[in-house]
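J.: got a predicted structure here, sequence first:
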Amino acid sequence: MEKFVVNGPCRLNGEVKISGAKNAAVAILPATLLVKGVCHLDNVPDISDIREYVKILKSLGSKITYVTKNELIIDNTNVTSAIASYDLTSKFRASYYLLGALINRFDDVQISLPGGCNLGARPIDQHIKALEKLGATIEVKRGNVYATKKSKLIGTNIFFDLVSVGATMNAILASTLANGVTTIDNAAKEPHIVDLANFLNSMGANITGAGTDTIKITGVEKLVPNSIYSIIPDQIEAGTFMVAAAVTKGDVTIKNCIPKHLEPITAKLKEAGVLVDEVSESSIRVRMNTAPNAFSIKTMPYPGFPTDMQPQMCVLLSMCTGTGIIVESIWNSRFQYTDELLKMGADIATHGSTAIVKGIEKLYAAPVFAHDLRAGAAMIIAGLVAEGKTEIYHIYHILRGYENILEKFNSLGANITHEKDDSEGDLNG
Ligand code: UD1
């Protein structure tokens, strides 16, 4: 089995450049299907989730050329299929964006139902509600989602019952070419929602209010790309390096980031006593030289504290003076990784959606699993401060969303290797 071996402890020092945002890219790639022509994208992260999306688009008839590993030309002139294969889409949650993107172009669309994942149940009722309000008929049967329409979708008012990034993205995708005006209330405000809207507007869409609770989309006849579009930097990758710098008592300048997007993370780090300085419009310096103060976090939709930074922050909290509390309010199964930190000597008690984290002096290396993408990042950070060799298994989760992660950490002074061994991965005996 493949594993990362982190030789700790170390102190991170230097500069790191952040890649394009995964969560923006997995919506912008399917958004290119709204164009019967050629889109040119830059700052696309070279991660396995994107390589999977490229395969899906190619299976539908897209022609995709890599100019560099981060620059793609996507020609959707001859997309002929609106049936995405089960093998390609069933395990890949962001494939649900194909529904909103393809229903504009085809009358019958089929994808497989995005399965649950390690974070807990992943309902899509709000996606279905939005598409149905716009005039599509949705049927979920035998593991597939079928979207059909008899005529062009018609603008409407959509009020989401809860704040959902995915459903907001899908509603934007479906309404951009609809007849008339759509308003989305209780919309998600994440930076990647704004990036999707900016991408579509750059091609002639008429979307206002992205980044607020209410988004207004005035349907247009067609989209015409006119220049290369650069995807925003990844908020969570930047946050991961910020926390890693703090946990290792390092000094790291994070380049190619948007400090505004990092504010919820910066605020918590400052509460912990970490020095965070905005060095320029696109870089931030993180320094730490004492034990962090205890703090508490509750995950919330943006601009609240991101659920995707919760596991990494738990490692920082494990090294703090005192006791902190984490409340996870987005996903019901996002504390599985705490079992791995317990193996490394952390003192964490979980009760439902709450974790009580008592600061300890040291973490010790152990074989651990990456339960999901961000949990995997947390294991790397824990390995950086632990004494000894931390072996991290199930690294495919990490490779889904972090570009060149070992190279980036190693350039800051970490010692992490990518190895293979003969174990089957049953570390629990
Ligand atoms: C969510 C996070 C996002 C994070 C991602 C992966 C929020 C608001 N969203 O985005 O920041 O990057 O997970 O960790 O923080 N839900 C429904 N019905 C639906 C859709 C969603 O009940 O139709 C619920 C989900 O079960 C979840 C919440 O709404 O509890 C947020 O889901 P959503 O934002 O759609 O998930 P992602 O887009 O994956």
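T.: Happy to help now that I have it.

J.: in the stretch 201-350 of the chain, what residue comes closest to the ligand?
T.: The ligand sits closest to P301 of the stretch 201-350 of the chain, with a gap of 3.7 Å, by CB to the nearest ligand atom. In this view, the C-beta of every residue, glycine as well, is placed from N, C-alpha and C.

J.: in this structure, where is pLDDT below threshold?
T.: By pLDDT under 70, the low-scoring segments of the chain are 115-117, 120, 424-429.

J.: same thing but at 80, please
T.: Counting by pLDDT under 80, the chain has low-confidence residues at 91, 114-122, 422-429.

J.: tell me the domain ranges of the protein?
T.: 2-19+233-420, 22-225 (automatic domain parsing).

J.: in which helix or strand does the closest residue to the residue of the stretch 201-350 of the chain closest to the ligand other than its chain neighbours reside?
T.: The shortest distance from P301 to any non-neighbouring residue, by CB to CB, 6 or more residues apart in numbering, is to V163 (4.2 Å). Using DSSP states H and E, V163 maps to neither a helix nor a strand.

J.: how close does V163 sit to Y302?
T.: In this view, V163 and Y302 are 9 Å apart by CB to CB, to the nearest Å.

J.: so what sits against both of those two?
T.: 188-189 (CB atoms under 8 Å, 6 or more residues apart in numbering).

J.: which ones are touching whichever residue of the stretch 1-150 of the chain sits closest to the ligand?
T.: Here the stretch 1-150 of the chain gets closest to the ligand at one residue, Q126, 3.3 Å apart by CB to the nearest ligand atom. By CB under 8 Å, 6+ apart, the contact set of Q126 is 160-162, 164, 167.

J.: so it, which state does it fall into?
T.: Look at Q126: counting by DSSP: H, G, I helix; E, B strand; the rest coil, its state is helix.

J.: quick check: it vs T137, distance?
T.: Taken as CB to CB, the span from Q126 to T137 is 17 Å.

J.: quick one, phi psi at N7?
T.: When read as degrees, to the nearest 10, the backbone of N7 gives phi -100, psi 100.

J.: specify the beta-bridge partners of it.
T.: K389 (DSSP bridges).

J.: run a quick neighbour tally on it.
T.: By the criterion of other CB atoms under 10 Å, N7 has 16 neighbours.

J.: run through the residues of the stretch 151-300 of the chain sitting next to the ligand.
T.: By CB under 6 Å from any ligand atom, the residues of the stretch 151-300 of the chain that approach the ligand are 162-167, 188, 190.

J.: could you rerun that using 5 Å?
T.: 164-167 (CB under 5 Å from any ligand atom).

J.: buried sites along stretch 42-54?
T.: Within stretch 42-54, the residues scored as buried using 16 or more other CB atoms under 10 Å are 43-45, 47-50, 52-54.

J.: from those, which land in helices?
T.: The members of those that map onto helices under DSSP state H are 48-50, 52-54.

J.: ok so, going back, hmm, which of the residues of the stretch 151-300 of the chain next to the ligand are the buried ones?
T.: 164-167.

J.: contacts only, for the residue nearest to Y86 when sequence neighbours are not counted.
T.: Spatially, and ignoring its direct neighbours in sequence, Y86 is nearest to S112 (4.5 Å; CB to CB, 6+ apart). By CB under 8 Å, 6+ apart, the residues touching S112 are 84-86, 89-90, 95, 143-145.

J.: now A205
T.: So A205 contacts 176, 197, 217, 220, 223 (CB under 8 Å, 6+ apart).

J.: tell me which stretches of the stretch 151-300 of the chain form helices.
T.: Assigned by DSSP state H, counting those that start in this stretch, the stretch 151-300 of the chain shows helices spanning 165-175, 191-201, 235-247, 263-271.

J.: CA atoms only for the last one - export them in PDB, please.
T.: So that's helix 263-271. Taking Å, rounded to 0.1, in the frame of the first residue of the first chain, the C-alpha atoms of helix 263-271 are listed here in PDB:
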ATOM      1  CA  GLU A 263      -9.900  35.900   7.500                       C
ATOM      2  CA  PRO A 264     -11.900  33.200   9.400                       C
ATOM      3  CA  ILE A 265      -8.700  31.200   9.700                       C
ATOM      4  CA  THR A 266      -6.500  34.200  10.500                       C
ATOM      5  CA  ALA A 267      -8.900  35.300  13.200                       C
ATOM      6  CA  LYS A 268      -8.600  32.000  15.000                       C
ATOM      7  CA  LEU A 269      -4.900  31.700  14.600                       C
ATOM      8  CA  LYS A 270      -4.500  35.200  16.100                       C
ATOM      9  CA  GLU A 271      -6.700  34.100  19.000                       C
END
